[in-house]
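Visitor: let's see this in three dimensions:
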Amino acid sequence: MPHYYDESPVTKSDKKTIEYRINGMNFEFVTDTNVFSRNEIDYGSDFLLQKMAEDLKKDGRLTSGKSFLDLGCGYGPVGIVMKSIFKGLTVTQTDVNERAVGLARTNAERNRTPIHSIVSGSVLEHLDKSDMFDIVATNPPVRAGKSTVFEFYSQAYEHMNDGGIIYVVLQRKQGAPSTEKKLTELFGNCETLGVSGGYRVMKSVKT
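Guide: Numbering: from 1, shown residues only. Purely as a prediction, here's the structure:
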C-alpha cells in the first residue's frame, strides 16, 4: 500500500491545485497523489502555523536573520507560509518523499517565495553536521511509527543552535503525550501553546 512517507512514490500522478488563506495572505499549492493531505491543508498544519506565528510575533528578534527548518515538509506549505510572514527567515525544507519535494519546489516558485534549500532524504541524514537551525517546525509522520517520529526530534536536536526552538503538532490519540515526554527528555522543557480539535501544539527550547 502506498504511503505519503514512501521515498519514491509509484502511484500514478494526478496533480491538483488547492487554495489556502492565513494571516491575511492567500496561497496556492499544487498537490498530487501519494503526498500528505493532498486535498487541503490539514487541520494540524493549519493550527501549527497559527500558534507558531503567534508565538514568534511576540519578539521580532526570534526571526530576523534566523534559520528555519521545515522538517517533513510535504508539498511545502509550512515553510512557504512562514517565509512569507517572516521575511527575515532563511528556510530549509526536507522530506523523504521525492514527489513531495518536487512539489515543494514548484510551490515555492508559484507563491514567489525564496526558499534557501529544498532537499529529499530520510529525516536529516542528508545534512552536514554544520547545518544548524534556530527554529524547527514539524507535523511528524505518525503513520511511519513512533521510532521514526522520535528520530525527527532527536536529529532535530542535534541540528539546533543553543536557544533554538522546536514546534510540534500532534493529536492526543496519535501520541501527543509521549511526544511531550520525549521532548522534555531531550530539551529539558516542553510547553503546550494550544489545544484544538484534539491537536496539541508543543514548543521546546534548546537551553
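
Visitor: look at A137 and tell me its secondary structure.
Guide: The three-state assignment at A137 reads strand, by DSSP: H, G, I helix; E, B strand; the rest coil.

Visitor: pLDDT at it, what is it?
Guide: What the model reports as pLDDT for A137 is 97.

Visitor: so who does the residue lying closest to it once chain neighbours are set aside touch?
Guide: With CB to CB, 6 or more residues apart in numbering as the criterion, A137 has its nearest non-adjacent residue at 4.7 Å, and that residue is Y167. Backbone N, C-alpha and C define where each C-beta goes, glycine included. By CB atoms under 8 Å, 6 or more residues apart in numbering, the contact set of Y167 is L48, K51, M52, D55, I135, V136, A137, T138, L193, V201, M202, K203.

Visitor: now distance to N161 and neighbour count too, for those, in CSV please.
Guide: Output for the contacts of Y167, formatted as CSV (distance: CB to CB, whole Å; neighbours: other CB atoms under 10 Å):
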residue, distance to N161, neighbour count
L48, 21, 25
K51, 22, 22
M52, 18, 24
D55, 18, 17
I135, 10, 23
V136, 10, 26
A137, 15, 26
T138, 17, 22
L193, 21, 17
V201, 21, 26
M202, 19, 22
K203, 16, 19
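
Visitor: okay if I get these as JSON lines plus distance to K182?
Guide: Listed next are these as JSON lines, based on distance: CB to CB, whole Å:
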{"residue": "L48", "distance to K182": "17"}
{"residue": "K51", "distance to K182": "19"}
{"residue": "M52", "distance to K182": "19"}
{"residue": "D55", "distance to K182": "20"}
{"residue": "I135", "distance to K182": "19"}
{"residue": "V136", "distance to K182": "14"}
{"residue": "A137", "distance to K182": "17"}
{"residue": "T138", "distance to K182": "13"}
{"residue": "L193", "distance to K182": "17"}
{"residue": "V201", "distance to K182": "16"}
{"residue": "M202", "distance to K182": "10"}
{"residue": "K203", "distance to K182": "14"}
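
Visitor: mind checking which helix or strand T94 is in?
Guide: Counting by DSSP states H and E, the element that carries T94 is strand 90-95.

Visitor: from the contacts of Y167, which is closest to L124?
Guide: Distance to L124 across the contacts of Y167 (CB to CB) is lowest for V136, with 9.8 Å.

Visitor: quick check: the gap between the closest one and E109.
Guide: V136 sits 24 Å away from E109, taking CB to CB, to the nearest Å as the criterion.

Visitor: ok, now G197?
Guide: Distance check for G197 against E109: by CB to CB, it reads 32 Å.

Visitor: coming back round to it: just say helix, strand or coil for the residue nearest to A137.
Guide: Per three-state DSSP, the secondary structure class of Y167 is strand.

Visitor: what distance do you get for it to I18?
Guide: Taking CB to CB as the measure, Y167 falls 23 Å from I18.

Visitor: pLDDT below threshold where in this structure?
Guide: Within the chain, the ranges that satisfy pLDDT under 70 run 1-10, 123.

Visitor: all helices of this protein, in order?
Guide: Here the chain has its helices, by DSSP state H, at 43-56, 77-85, 98-110, 146-158, 176-187.

Visitor: so the strand holding T94 versus helix 77-85, what angle?
Guide: Using axes from the mean of the first three to the mean of the last three CA atoms, to 10 degrees, the direction of strand 90-95 lies 170 degrees away from that of helix 77-85.
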